[in-house]
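>>> Below is the sequence, then the predicted model.
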Amino acid sequence: MSVTAKTESATRVEELRALPAWQNLKAAVIELQQIQAKDGSVPDFVHHDQARSNIGTIVASVEELAAYLPHDAEYLDLLVKDFLRWASEGQGVPDFLDSLLAFHPEQWRINGLPHLVVFPMYTQNGSTNRYVEAVLIEVIWPEFIADLEARHYSNRLFVPIAFADFTPGYETNSAVLFPESVAARSTPSFTWVGIFADREAARFRRVLRAAAGITSLDLPADAAELLEDQHLTEKTFVMWDLIHDRTHMRGDLPFDPFMIKQRMPFFLYSLEELRCDLTAFRESVIVEKDENASEDARKHAKLVQYAVIFDRIFRFAITGNRVRNYDGLGGQLLFAWMHQHRVLHWTDGKLSIDWKSVAGVVVELGIRIEELYWRSIDRPKTAHWLAAYDLISETVTPNPSSVWAKGPEALALDGPPRGLTDQVLDDEFPLSMFYEALEKKMRPIIESTAGITANSPVDTEAGA
């Protein structure tokens, strides 16, 4: 049964982090990682004794910590059994399906509730090795979020969380905890998705502070609050993520917007991620104006609008390399759309935004993408791809050497769709002159956010 009320847990995650059992578990996991292969196995027989010793420490530590985590009793019991079975079978490719199926954080959405997560897994946007990782987390579930989820934005899979401590796989940009990343013998139906709102918030605050300084952007007073208050920003990202995550499954979708396991032009992923963010933006505009919504909900709804714009145009657009960077393209598209609709201005070396008019302009971009999706149901796949390209290239200038930019007559439309995908350049939509200059100044700031947590300073030496 899902719990949505705001409740203080009996044991705080800070107490667990200070226990010798957690410290011993963490040290044993880090030692074990040194002898694991990429697939999570320990292939070298000479290391088996060390692996069994590490697993013994992990098991003993989990059993001790389980006393503080009664809500995870079944999962932790099966976790011990999975580790013992792995050890007895010679530490081959790990299979932790049994314990994974018993882990249900979505059933315990209680503010401040801790969880111990120990699995052989890779971390999205981080390590691709399926090493054993250990993470101490706590749930972020404020009352106004519980109310929004229960009344208007149902999302039973969504679990917003915060780091307390972690092993090296999370010393990265990864801000997600996905069950599909866990080593298991088969792929089950997944019932939860964890998003580290504290990392998202800390990263956002550091990047926004630097970008606003570099561009001489005057922040509205309520937006400036985000720079000063980590917990306020965390709750803002929880609201954004709640609506974004559920949007992937809602709307007039082109059957499957991600076309899972199918190769497709990266710019289609750009539109899907941007569609979900712009839906969160639009819904936040609605909540802000809803007199029946709580004061907290209305306040955070306004902050979500700032967060979507600033994170997209300052961080997404210039994070990562230029190889099929779909999040980067989404940020470029939003910036250019706002600029060309004259609510964003770069004049006299100073960035400014017309906040009285920006909401309508941003919502209009979301409507354009939804119209594209609605019409796609009646179109062949290649026609949908071409229409999506047209939508983007109307606003963001394509690479001058692009074949796609020359139009359908230049493309091999009589072959398989894969041929069209192959003709999309890695950097089909290069950075504008504005972004080229901004990226050089922001690069050290963005790189400094790898591994960031709520306790990290907002400023860095590079951005101070």
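Yes, it's here.
>>> need the helices for the stretch 201-350 of the chain, in chain order.
Remark: helices assigned in the stretch 201-350 of the chain by DSSP state H, counting those that start in this stretch are 221-228, 230-247, 266-289, 295-310, 326-340.
>>> Let's have the ones you listed in TSV, adding distance to residue 368 and mean pLDDT.
Where you see a C-beta, it was placed from the backbone N, CA and C, and this is true even at glycine. As requested, the helices of the stretch 201-350 of the chain are exported to TSV (distance: least, CB to CB, whole Å; pLDDT from 0 to 100):
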stretch	distance to residue 368	mean pLDDT
helix 221-228	26	97
helix 230-247	16	97
helix 266-289	9	97
helix 295-310	16	98
helix 326-340	9	97
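>>> Any chance of TSV for these, columns distance to residue 437 and mean neighbour count?
Formatted as TSV, the helices of the stretch 201-350 of the chain follow (distance: least, CB to CB, whole Å; neighbours: other CB atoms under 10 Å):
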stretch	distance to residue 437	mean neighbour count
helix 221-228	23	15
helix 230-247	27	23
helix 266-289	22	22
helix 295-310	18	21
helix 326-340	13	22
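>>> of these, which approaches residue 30 most closely?
helix 230-247 (27.2 Å; CB to CB).
>>> helices or strands next to that closest one in the packing?
In terms of contacts (3 or more CB pairs under 8 Å, 6 or more residues apart in numbering; DSSP states H and E), helix 230-247 is packed against helix 143-151, strand 158-166, strand 193-196, helix 197-215, helix 221-228, helix 266-289, helix 295-310.
>>> Show me what the fifth one is packed up against.
It stands for helix 221-228. Helix 221-228 packs on helix 197-215, helix 230-247, helix 295-310, going by 3+ CB pairs under 8 Å, 6+ apart.
>>> And for the second one?
Applying 3+ CB pairs under 8 Å, 6+ apart, we find strand 158-166 packed against helix 13-18, strand 131-139, strand 193-196, helix 197-215, helix 230-247.
>>> Could you figure out how far the second one is turned away from strand 158-166?
Strand 131-139 runs at 120 degrees relative to strand 158-166, counting by axes from the mean of the first three to the mean of the last three CA atoms, to 10 degrees.
>>> In its sheet, which strands sit next to strand 131-139, and in what direction?
strand 114-121 (antiparallel), strand 158-166 (antiparallel) (DSSP bridges).
>>> what number of residues lie near residue 383?
If you count neighbours by other CB atoms under 10 Å, residue 383 ends up with 14.
>>> May I have the secondary structure class of it?
Using DSSP: H, G, I helix; E, B strand; the rest coil, the structure places residue 383 in helix.
>>> tell me the pLDDT at it?
On pLDDT, residue 383 comes in at 93.
>>> of all the helices of the stretch 201-350 of the chain, which lies closest to residue 91?
With CB to CB as the measure, helix 230-247 is the member of the helices of the stretch 201-350 of the chain nearest residue 91 (35.3 Å).
>>> hmm, who's touching that closest one?
With contact meaning CB atoms under 8 Å, 6 or more residues apart in numbering, helix 230-247 is reached by 140-142, 144-145, 148-149, 153-155, 157-158, 160, 162, 193, 195, 197-198, 200-202, 204-205, 225-226, 275-277, 279-280, 283-284, 297, 300-301, 303-304, 307-308, 454.
>>> thinking again about what came up before, any chance of a markdown table for the helices and strands packed on helix 221-228, columns distance to residue 27?
Formatted as a markdown table, the helices and strands packed on helix 221-228 follow (distance: least, CB to CB, whole Å):
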| stretch | distance to residue 27 |
| --- | --- |
| helix 197-215 | 23 |
| helix 230-247 | 28 |
| helix 295-310 | 37 |
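>>> picking up where we left off before, now the helices of the stretch 201-350 of the chain as a markdown table including distance to residue 127?
Formatted as a markdown table, those follow (distance: least, CB to CB, whole Å):
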| stretch | distance to residue 127 |
| --- | --- |
| helix 221-228 | 30 |
| helix 230-247 | 22 |
| helix 266-289 | 22 |
| helix 295-310 | 27 |
| helix 326-340 | 19 |
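>>> Compare those helices and give me the one nearest residue 34.
Closest approach to residue 34 among those is made by helix 326-340 (32.5 Å; CB to CB).
>>> Check which helices and strands that closest one is in contact with.
Short answer (3+ CB pairs under 8 Å, 6+ apart): helix 326-340 packs on helix 266-289, strand 344-347, helix 358-376.
>>> Run the chain-centre distance for that helix.
Remark: helix 326-340 is offset 18 Å from the chain centroid, using CA atoms, centre = their mean, to the nearest Å.
>>> do you know which of the helices and strands packed on helix 221-228 lies nearest residue 320?
Comparing those by CB to CB, helix 197-215 comes nearest, at 13.3 Å.
>>> got the angle for that closest one vs strand 131-139?
For helix 197-215 against strand 131-139, the angle by the same axes, to 10 degrees is 80 degrees.
>>> the inter-axis angle of helix 197-215 versus helix 230-247?
110 degrees.
>>> Next, the angle helix 221-228 makes with helix 197-215.
Per the same axes, to 10 degrees, the angle that helix 197-215 makes with helix 221-228 is 120 degrees.
>>> residue contacts, the closest residue in space to residue 358 that isn't next to it in sequence?
Distances taken as CB to CB, 6 or more residues apart in numbering put residue 343 closest to residue 358, at 4.5 Å, once the chain neighbours are dropped. Listed by CB under 8 Å, 6+ apart, the contact partners of residue 343 are 353, 354, 357, 358, 361.
>>> What pLDDT does the model give residue 343?
Value for residue 343, per-residue pLDDT: 98.
>>> What does it show for phi and psi?
With angles defined as degrees, to the nearest 10, residue 343 sits at phi -110, psi -10.
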